[in-house]
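> after the sequence you'll find the predicted model.
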Amino acid sequence: MIGSMKYGTMLLAMLMMVMMPLQSHAADDDAKGLFVVVTTPDAQTQMMAMVLSTKTVEQGKSVRMLLCGPGGELALKDSKQTVLKPLDKSPQMLLKSLIKKGVAVEVCPLFLPNKGASPDDLIEGVTVARPPVVAERLREEGVKLFTF
């Protein structure tokens, strides 16, 4: 009897741990959008950032993107691109599509000078971030931060 009570209590506690995050996600519809930071050099991870950003835009939410370090390579005109299945597209191809849909895409201000590049080397629609503006956007109510 005591063993089954302990089991029941443990089961109830586990059920509550599972349900509480689900309840908090119910309020996620109030989210205005995402602030996505891409720093990884990994093409598959970059692609997932682009896919999730695209789906967020398709769901009517805003997306802003900051590309830093190796992630900044996505913004360069002459960067090597990897085409990935099943979309048969590169992360940069999806990035360009996001820009056409109105997503603000910026590179970290340290990226270009440390790469020996200039704003002229960026694909159309990508600008250099200004830290005070980025800091303000990160604090915006209803915006979730995703890092890749």
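Alright, I've got the coordinates.
> quick check: beta-bridge partners of the most centrally placed residue in the chain?
What sits nearest the mean C-alpha location of the chain, by CA atoms, centre = their mean, is Val36, with 3.0 Å. Counting by DSSP bridges, Val36 forms beta bridges with Met65, Phe146.
> and Leu138, what does it touch?
35, 145 (CB atoms under 8 Å, 6 or more residues apart in numbering). For the C-beta atoms, the positions are set from N, CA and C on the backbone; glycine is no exception.
> quick one on the thing from earlier: any idea how far the residue nearest to the centre of the chain lies from Pro113?
Distance of Val36 to Pro113, given as CB to CB, to the nearest Å: 23 Å.
> tell me, domain by domain, which residues of this structure belong where.
1-27, 31-147 (automatic domain parsing).
> what does the model give the closest residue to Asp78 other than its chain neighbours for pLDDT?
Closest residue to Asp78 apart from its sequence neighbours, by CB to CB, 6 or more residues apart in numbering: Asp121 at 7.3 Å. Note on Asp121: pLDDT of 98.
> please name the residues that touch Asp121.
Contacts for Asp121 (CB under 8 Å, 6+ apart) come out as 76-78, 112.
> can I get those residues in CSV with distance to Ala31, pLDDT and neighbour count?
Formatted as CSV, the contacts of Asp121 follow (distance: CB to CB, whole Å; pLDDT from 0 to 100; neighbours: other CB atoms under 10 Å):
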residue, distance to Ala31, pLDDT, neighbour count
Leu76, 31, 98, 19
Lys77, 33, 97, 12
Asp78, 36, 93, 9
Leu112, 31, 98, 19
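> closest to Met50 out of the residues you listed?
Nearest to Met50 out of these is Leu76 (CB to CB; 15.6 Å).
> and the helices in this structure?
For the chain, the helices defined by DSSP state H occupy 2-26, 43-58, 91-100, 111-115, 131-138.
> which of the residues in the third one are buried?
Which is helix 91-100. Neighbour counts over helix 91-100 (16 or more other CB atoms under 10 Å) mark 91-92, 94-96, 98-99 as buried.
> what's that helix packed up against?
Packed against helix 91-100 by the contact rule (3 or more CB pairs under 8 Å, 6 or more residues apart in numbering; DSSP states H and E) you find helix 43-58, strand 62-67, strand 104-107.
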